[in-house]
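A.B. asks: Based on what follows, work out the 3D shape:
(one chain, ligands or ions: 1)
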Amino acid sequence: MTTATEIIRARAGTAPIRLGLILGSGLGHLAKAVDGPAIPYADLPGFPHVSVSGHNPHLHIGDFDGIRVAVFGAREHYYENGNPAAMRVALETLRDLGARDLIVTNAAGSLRPDIPPGDLMLLSDHINYNGRNPLIGEPTDARFVPMTKAHSPRLRKALARAAAAESIPLPEGVYCWYSGPSFETPAEIRMLKLLGGDAVGMSTVPEVILARFLGLEVAAISTITNMAAGLSDEAISHDHTKAMAPLGAAKLERILRRYLRDLA
Ligand code: HPA
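C.D. replies: Numbers count the residues shown, from 1 in each chain. Down below sits the predicted model:
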């Protein structure tokens, strides 16, 4: 069988990829900045089947502000099929294409009044509140992945520098993974706050675990689309998430472009 890596090399060339970028809810349009082919996930064996509206299931390979990147326009979430390892082949492919670094983005609810909707949060760490792990069933000792510095100090520093250069606030905080697809209750949000959470969402954590397993350095940024349940009077919905994500996306795009130009 032809692998995803072989298909991508045939269609987009064999030059190594420097960086991978996973786009979260409402952020798919950032892929337009990539100068190169968009390959449908359906053409790539092992890539996820994405069923969530507001996502763009294509892999964009090419130049983004001078750096050769692979942009994943969409992810499969755990809540779609109950598979925490849904992104494993996609991330293995990224590693096989030569990438060293991965930047993950998502939409999230904020637990912190000083990080309101429209703002961004850089993940300093996460809590796997879901408890599911994408490495369950992995037979090798490589499964015992240390997570002490899971969120790369090097990438976080570089992203913080890019944000400062763009005068965009980028506070750090702890992201809690909730399975979804239902949103949290106010009592659950009070609990997550007690546990040390700063934001809550339905993704990212399995991808960070897989990235570390594969030897990729990883950093993640949340675009805050709402205050978490019970923390404001605003109704929480997926439509609201999709409507609010572009506010943060504009800032995220400036930070990423600055980061890539500094790398180039
Ligand atoms: N909870 C979980 N996931 C989310 C939220 C939220 O409040 N907002 C956007 N994604």
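
A.B. asks: Show me which residues of this structure sit near the ligand.
C.D. replies: Proximity of the chain to the ligand, by CB under 6 Å from any ligand atom, involves residues 107-109, 178, 183-184, 200-202, 225-226, 228, 236, 241. Bear in mind the C-beta positions are built from the backbone N, C-alpha and C, glycine included.

A.B. asks: got a list of what the residue nearest to the spatial centre of the chain touches?
C.D. replies: When the chain is reduced to its mean C-alpha position, the nearest residue by CA atoms, centre = their mean turns out to be Val104, at 2.5 Å. With contact set as CB atoms under 8 Å, 6 or more residues apart in numbering, Val104 has these partners: 21-22, 24, 204, 207-208, 211, 218-221.

A.B. asks: from these, which is closest to the ligand?
C.D. replies: The closest of those to the ligand turns out to be Gly24 (CB to the nearest ligand atom; 8.5 Å).

A.B. asks: isn't that closest one right next to His77, touching?
C.D. replies: No. In this structure, Gly24 sits apart from His77 without contact. The criterion is CB atoms under 8 Å, and the distance is 9.9 Å.

A.B. asks: More neighbours: these two, which one.
C.D. replies: Neighbours were tallied for Gly24 and for His77 using other CB atoms under 10 Å; the higher tally belongs to Gly24 (31 against 27).

A.B. asks: For that one, which three-state class applies?
C.D. replies: Recorded secondary structure, Gly24: coil (DSSP: H, G, I helix; E, B strand; the rest coil).

A.B. asks: So for it, what's the nearest residue that isn't a sequence neighbour?
C.D. replies: The shortest distance from Gly24 to any non-neighbouring residue, by CB to CB, 6 or more residues apart in numbering, is to Asn106 (3.8 Å).

A.B. asks: hey, what's that neighbour bridged with?
C.D. replies: With DSSP bridges applied, Asn106 shows beta-bridge pairing to Ser222.
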